[in-house]
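**Q** structure of the sequence below:
(one chain, ligands or ions: 1)
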Amino acid sequence: MTVIEVANLSKRYGDTVAVRDVSFAVEDGEIFGILGRNGAGKTTTVECVAGLRTPDSGTISVLRRTPRDPALRALVGVQLQEGRLQDRLTVREALELYSAFYPAPADWRALAGDLGLGDRLGTAYGKLSGGQKQRLSIALALIGAPRIAILDELTTGLDPQARRDTWDLIESVRDRGVTVVLVTHFMAEAERLCDRIALIDRGTVVALDTPAGLVSRAGTAQTIRFRPAQPLDDTLLTALPEVREVRRRGDRVEVVGTGDLLHAVSSVLAVHRIVAADLRLEQATLDDAFVRLTGDQTREGR
Ligand SMILES: Nc1ncnc2c1ncn2[C@@H]1O[C@H](COP(=O)(O)OP(=O)(O)OP(=O)(O)O)[C@@H](O)[C@H]1O
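**A** I've put the predicted structure just below:
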């Protein structure tokens, strides 16, 4: 079931075109990534979806309603980049305050416990670590027991461990049955978490696919290395549409190709009863795909 549908969304600020003709659909229960470098138009897109900005053109439907429908307030939890709280507000006060906004809020004590904030209820926001602030902002996005959570640049500024903890949290949010829209400029984050990704560049969607789909769509080469235990005729491999090149390095074979290369090569080896020893696959990453699909030479904004 589609829970968010964005069709031909455009938005400009004065002379700056922030978003141009963006379309995508988010399915129930998925983690949907909006990935792009700084200034690509990600925040503008999700702010329109959250009803915080008015598009210049295009249509948006969220749970079959228009974004500003008051009924959505309890159904969509939003954690936006500038969601800072007052430094002196404690975790407990913030949670109580926010739960008062909703008709049927989640149990904030349980939520704080689930998010590892149970022992921080009396701590002032200004005294929390970066990771704890992020946990609190996730808790506040979930306090209304929403069906959709929109999380924008959640892990920016966190150290690698706190970032990984936050990834686990996002997965646990999805496991509660909440659909997650995740805005990020971190490739590794999108690759690890997202079921599907809309890759946004200069205000437009340049590709929309699974992480693996984006990698193979970019046509970035992968390499398989192995040592055949029986004699191998290279033409068996070069005949495969997935294979671009077969190289020999001593007793090792290197197969360069695209698509589902590993499956294609291992099927041929199995048919000819050739055992591949020390088999290694060097996979292209989403990082490589990003560079290809956006034509980004500077590799900025990763
Ligand atoms: N309120 C605003 N007024 C004028 N220009 C804006 C405003 N908000 C965003 N922009 C511009 O619109 C473009 C898209 O910005 P947006 O914040 O949507 O991108 P983003 O992909 O979320 O980037 P970031 O990750 O840096 O937040 C940028 O060129 C930005 O400078």
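
**Q** number of nearby residues for the closest residue to the ligand within the stretch 151-300 of the chain?
**A** Residue nearest to the ligand within the stretch 151-300 of the chain (C-beta to the nearest ligand atom): H185, separated by 5.5 Å. C-betas here are computed from N, CA, C, even on glycine. Per other C-beta atoms under 10 Å, the neighbour tally for H185 reads 21.

**Q** report the contact partners of it.
**A** Contacts for H185 (C-beta atoms under 8 Å, 6 or more residues apart in numbering) come out as 35-38, 40, 42, 153, 156, 301-302.

**Q** repeat that with 10 Å
**A** For H185, the contact set (C-beta atoms under 10 Å, 6 or more residues apart in numbering) comprises 34-40, 42, 153, 156, 200, 290, 300-302.

**Q** also A71?
**A** For A71, the set of contacting residues under the criterion of C-beta under 10 Å, 6+ apart consists of 62-63, 65.

**Q** can you select the buried ones from these in PyMOL?
**A** The PyMOL command for the buried members of the contacts of A71 (criterion: 16 or more other C-beta atoms under 10 Å) is given here:
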select buried, resi 62+63
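
**Q** thinking again about what came up before, which among the contacts of H185 count as buried?
**A** The neighbour count (16+ other C-beta under 10 Å) marks 34-37, 40, 42, 153, 200, 290, 301 as buried among these.

**Q** quick check: the farthest pair among these?
**A** Put simply, by C-beta to C-beta the two of the buried ones among the contacts of H185 set farthest apart are E153 and F290, 16.5 Å from each other.

**Q** follow-up on the earlier one: can you put the contacts of A71 in a markdown table and add pLDDT and secondary structure?
**A** Conversion of the contacts of A71 to a markdown table gives the following (pLDDT from 0 to 100; DSSP: H, G, I helix; E, B strand; the rest coil):
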| residue | pLDDT | secondary structure |
| --- | --- | --- |
| V62 | 98 | strand |
| L63 | 97 | coil |
| R65 | 97 | strand |
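
**Q** closest one of the contacts of A71 to V49?
**A** Nearest to V49 among those: V62, at 6.4 Å, using C-beta to C-beta.

**Q** show me what contacts the closest one?
**A** Contact analysis of V62 by C-beta under 10 Å, 6+ apart lists 3-6, 26, 49-51, 68-69, 71-72, 75-76, 147-148, 150.

**Q** so which of those residues belong to strands?
**A** Counting by DSSP state E, the members of the contacts of V62 that fall within strands are 3-6, 26, 76, 148, 150.

**Q** which helices and strands sit right next to the helix ranked longest in the chain?
**A** For the chain, the helix that runs over the most residues, judged by DSSP state H, is helix 160-175. Helices and strands touching helix 160-175, as assessed by 3 or more C-beta pairs under 10 Å, 6 or more residues apart in numbering; DSSP states H and E, comprise strand 31-35, helix 108-114, helix 130-142, strand 148-152, strand 179-184, helix 187-193.

**Q** list the buried residues of the last one.
**A** Buried positions in helix 187-193, judged by neighbour count with 16+ other C-beta under 10 Å: 187-193.

**Q** over to the second one?
**A** Of the residues in helix 108-114, those with enough neighbours to count as buried (16+ other C-beta under 10 Å) are 108, 111-112, 114.

**Q** for the third one, same thing?
**A** By neighbour count with 16+ other C-beta under 10 Å, helix 130-142 contains the buried residues 131-142.

**Q** if we can go back for a sec, check the contacts of H185 one by one and keep those near the ligand.
**A** With C-beta under 6 Å from any ligand atom as the criterion, these include 36, 38-40, 42 near the ligand.

**Q** among the contacts of H185, which are in strands?
**A** In strands, judged by DSSP E, the following of those are found: 34-35, 200.

**Q** and these, which is closest to E96?
**A** Closest to E96 out of the ones in strands among the contacts of H185 is I34 (31.3 Å), distances taken as C-beta to C-beta.

**Q** so what's that closest one up against?
**A** So, once contact is read as C-beta under 10 Å, 6+ apart, I34 ends up touching 22, 24, 26, 40-43, 45-46, 49, 150, 152, 181-185, 190, 194, 197-200, 205.
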